[in-house]
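*Asks:* The amino acid sequence is not available; the structure is as follows:
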């Protein structure tokens, strides 16, 4: 299968179940909402060493937020509910409670509830006040900048991590251009995030290595400088750079749509811009129950 | 003592010893260096729950970096060497190794060496190559985007955390304006960072609370809505917002200079812009050996 | 009339008829569309000395543009059709034709048609090609970066210039904060622009001066430092900064809505943030036929 | 001559004498200085239809500006002193005088003096005040935001316009990447600007056309789609995009240095990134007395 001269590999992205939530940060200005959101979603690329995977989902206009201020929606993903709850609470306390003029709300009605302000409220040292509006409990915690308003809990939903596709290009420049185009396109969707720097992974990995204590190592099959060395290189002569777009989302449909939009944007650059192939990362189907077949998605 | 009508309180900021390092991220473009740097320094406001305190120190021009590309210098602080080493390595692996086109270098010659690429190199699964140039060891690790170059180690130095001052203003708007001015001024200095969102803490804390299990709680003495409630409120009637600038630096001199520059910028707005007082956070001298006396610094 | 403690003066903004058009710039990336749009709308604050008043209306997603690329909508206003036509053509030729990867389209169907690519096409030196799609003529002009696609003409409509309101505040800092809030709010509307730097005029003027050859001079009635000097100062003691938001729009309704939204955002900061009054600029009703009465708009 | 596989053509850029000045805009914040500077330098790509060629030279730290505030240095170029004087004054009045919190200073000591605030002062309607500090006259003009401070005059110097080089690449993507790299590198120099959108011209021109009334038309010799049509195409089969970097500067040395730095950055991408050749625009030596020979500059 080819799109605009770009080969779509007969393979699939392998993804796995995660738990996720959406929270909404508001502030007196878009700039301060952004500062809190960037801080909260930093160091959250890969769940194993960061504790969660998180990124900004989108900016919210004042009429979309609970308190009518400028806001930002954030998605956070973890392997289980306990881990997610811990990360949400810790990051909320360190990065949003501390951020000037900010408030914090749930972005998901229903779902299993995990604490948002439930324990943060104790920061008020007994001076916190609770209020129920429209069936939702909010805490007003006095802080030095005035008051930190935080919703009692947020909703946790089943979600999917590890949706992905690989961009195989002739040069680094061309791979970056295609990745940028894909990320720009996918960023306009709801319910998905791309947690790595700039939405892109430059160092895709395989499970295991020759060193017993090292759990993951370079995905040598897709490593341009290891064409002659790797046991089963997937790369032909003209491919000198491979970048991976990793996508987490709420549902299979969310991830499929993101992959489709992203691969379209990649292929729009086409063969004449050095985009050779689109492939995907999987572990032979052993790791994750969700298999996103590239050719079916692009059919 | 008054500067431009702003009272400088006869008090001091209490700071404590930390360990710190500087690392340098380079990339093919300023944008990609920034993406990696923002990711690496996210969720790093307070050492207790984040593991370290980190922020961008400054942008580096190509002629200031080891590989002649655009770069960014980052400072990371932790309570001890072990903690710092762990954070540096984990964040480097999750946020810089994964970031497209990036390389990573030490920004401190000498000092006690802690691993930078020393263990990350195993990601190469045996295909990594080491090279010594000018007495420094570098690792070239093959990755999908090409090659990740990382220096073997970086230098750890004694440092200081918790330098601070408080801006007491009539309104939130005015406090934010003063904090922005202070942060903008301090950001131009080397050897210091302000790890909180936007460089500012909106929810300053005291040690302890009425709940035995809650280690820190609102600094009620400086909390505008608790004037009538707090045992010893430090606030008079006209003060409705208090913001704290927290500064970590390498030496006492670095922090003094940053406090001086920041307080100057704050006072430049002056009484007519609602800036009432500058104070500082301390724990009666029990916590930290470094006491930065505001009036001496501003004399 | 008071809103949140802010006095709404019993006065009106006086506006006058203009001619206007909307054009759409597209490019290979949002960044390049922005570069062309910023250049085209620069030096376009006031029609008398700049030839036109112009600004970015809003960013366009790919599915909103004629060629499916990222785009930006621009509004341009002039006193008459001839002047507008000349400015549109000159600015298109200097700023969009020259901008890498750009194309240029009409953003108004119908209306009286003024040339967009009609004469620019001759830049192709005979190599230009015309194509009619859906009843609209487009020109494909070969250029060094590839091809510049430009629509034959754009639609000119009747419009209104000079909608405005004045923000009277205790300090410069507070006036700027209110102006920023107003501009941010108004920018989300369609069919209006604010052509001055940052959407704000810091040096409002009156017609005439004591020097016969100087046609406009400082609006001394609203000039804080001239309270004791101006014949009829409109300012009381507590007002030290006045900023004007000038709004051009297609219809009376567009301008009314923008004024309403902008004044709301201003008043939201309120008396406690030093916002004292909202007033408006007029010339006693002699200059312009459109009178936007503040109290009616805010009723 | 080849650099990194990129052919440097045995040709020269032809440039011509201009008059230029530097002005400095300061404001209460870097953001407001930028807003005024962008407005003042908009619609200033080519002197013939815009009246002048102008761009931001660089940002200035507070300690580099006359009033200790954040600032921006701007260079403006015109064909003669009269034209330059008119443009400087008009743009200052429309874009800087109107911009909130701004002041305006000369950035060149000595030179022939042209008016900066000399006539703008009449905006004060008799309330302006003059002050001489260190031998320089300044005007304090009362305005609604407070006071507009402007230096009496700025210095005009001999300068050069039309320094340039052409980037010939296999694809548009690659040409843009090289142009971006060149512009980023040149922007770090003083005394030069690149007045076109993003620093780049996508539609280079030749003098004359087949239409008697059209003075300039597409540079068909460097137009990829006209390879088979142009009388003397300079392009071989693999070149599908050509971009021009146009540089104005104070001295021959300034322009040579900028061309050298820019061509270096272009060639750094090299043949493997589709950069085929670097050439330059000239008119056979008939138009301008300054000939910048590429191979000598790069020797």
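*Replies:* Cool, the structure landed. Computed from a predicted model, the values in this text were never measured in an experiment.
*Asks:* where exactly do the helices run in the stretch 1-150 of chain A?
*Replies:* A:30-41, A:47-50, A:81-91 (DSSP state H, counting those that start in this stretch).
*Asks:* can you pull the buried residues of the biggest helix by length in chain A?
*Replies:* Longest helix in chain A, counting residues (DSSP state H): helix A:252-269. Of the residues in helix A:252-269, A:254-263, A:265-269 count as buried by neighbour count, 16 or more other Cβ atoms under 10 Å in any protein chain shown. Quick note: C-beta positions are derived from backbone N, CA and C, even for glycine.
*Asks:* what subset of the residues you listed is also close to chain D?
*Replies:* Contacts with chain D within those, counted by Cβ under 8 Å from any Cβ of the partner chain: residue A:269.
*Asks:* Domain boundaries for chain A, per the record?
*Replies:* A:2-15+A:159-297, A:19-157 (automatic domain parsing).
*Asks:* Chain D is nearest to which of the helices of the stretch 1-150 of chain A?
*Replies:* helix A:30-41 (10.2 Å; Cβ to the nearest Cβ).
*Asks:* So which bits of the closest one are buried?
*Replies:* Buried residues in helix A:30-41 (16+ other Cβ under 10 Å): A:30, A:32, A:33, A:34, A:35, A:36, A:37, A:38, A:39, A:40, A:41.
*Asks:* Okay, residue A:142 and residue A:69: tell me how far apart.
*Replies:* Per Cβ to Cβ, to the nearest Å, residue A:142 is found 19 Å from residue A:69.
*Asks:* contacting residues for the closest residue to chain C within the stretch 151-299 of chain A?
*Replies:* Across the stretch 151-299 of chain A, no residue is closer to chain C than residue A:188, which sits at 6.8 Å (Cβ to the nearest Cβ). By Cβ atoms under 8 Å, 6 or more residues apart in numbering or on different chains, the contact list for residue A:188 reads residue C:61.
*Asks:* mind redoing it with 10 Å?
*Replies:* A:58, A:258, A:261, C:61, C:62, C:63 (Cβ atoms under 10 Å, 6 or more residues apart in numbering or on different chains).
*Asks:* CSV for those residues, including pLDDT and distance to residue B:218?
*Replies:* Formatted as CSV, the contacts of residue A:188 follow (pLDDT from 0 to 100; distance: Cβ to Cβ, whole Å):
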residue, pLDDT, distance to residue B:218
A:58, 97, 32
A:258, 98, 41
A:261, 98, 45
C:61, 94, 43
C:62, 94, 47
C:63, 93, 48
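*Asks:* which parts of the stretch 101-250 of chain A sit against chain D?
*Replies:* A:170, A:171, A:172, A:173, A:174, A:176, A:177, A:178, A:181, A:240 (Cβ under 10 Å from any Cβ of the partner chain).
*Asks:* follow-up on the earlier one: what about chain C: which of the buried residues of helix A:252-269 touch it?
*Replies:* Filtered for proximity to chain C (Cβ under 10 Å from any Cβ), the buried residues of helix A:252-269 shrink to A:265, A:268, A:269.
*Asks:* Let me have those in TSV, extended by pLDDT.
*Replies:* Output for these, formatted as TSV (pLDDT from 0 to 100):
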residue	pLDDT
A:265	97
A:268	96
A:269	95
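*Asks:* and which of these is nearest residue B:50?
*Replies:* Residue B:50 lies nearest to residue A:265 out of those, by Cβ to Cβ, at 34.9 Å.
*Asks:* pretty sure the closest one is touching residue A:178, no?
*Replies:* Yes: the pair residue A:265 and residue A:178 qualifies as a contact (Cβ atoms under 10 Å) at a distance of 7.6 Å.
*Asks:* Find the residues that touch each one of those two.
*Replies:* With Cβ under 10 Å, 6+ apart as the test, residue A:265 and residue A:178 both reach residue A:245.
*Asks:* which of residue A:142 and residue A:69 has more neighbours?
*Replies:* Using other Cβ atoms under 10 Å in any protein chain shown as the criterion, residue A:142 and residue A:69 rank with residue A:142 on top: 23 against 20.
*Asks:* excluding its backbone neighbours, what's nearest that one?
*Replies:* Nearest residue to residue A:142, sequence neighbours excluded (Cβ to Cβ, 6 or more residues apart in numbering or on different chains): residue B:225, at 4.5 Å.
*Asks:* which residues does that neighbour contact?
*Replies:* A:127, A:140, A:141, A:142, A:143, A:144, A:146, A:147, B:218, B:235, B:240.
*Asks:* What are the buried residues along stretch A:265-284?
*Replies:* A:265-269, A:271, A:273-282.
*Asks:* For chain B, state which of these is nearest.
*Replies:* Closest to chain B, out of all of those and judged by Cβ to the nearest Cβ, is residue A:281, at 10.0 Å.
*Asks:* Now that closest one. Nearest residue, chain neighbours left out?
*Replies:* Spatial nearest neighbour of residue A:281, chain neighbours left out: residue A:164 (5.1 Å); criterion: Cβ to Cβ, 6+ apart.
*Asks:* taking the contacts of residue B:225 one by one, which sit in strands?
*Replies:* Using DSSP state E, the members of these that fall within strands are A:140, A:141, A:142, A:143, A:146, A:147, B:218.
*Asks:* can you tell me the residue of the stretch 1-150 of chain A closest to chain C?
*Replies:* With Cβ to the nearest Cβ as the measure, residue A:61 is the residue of the stretch 1-150 of chain A nearest to chain C, at 6.8 Å.
*Asks:* With respect to residue B:79, which of the buried residues of helix A:30-41 is nearest?
*Replies:* residue A:39 (20.2 Å).
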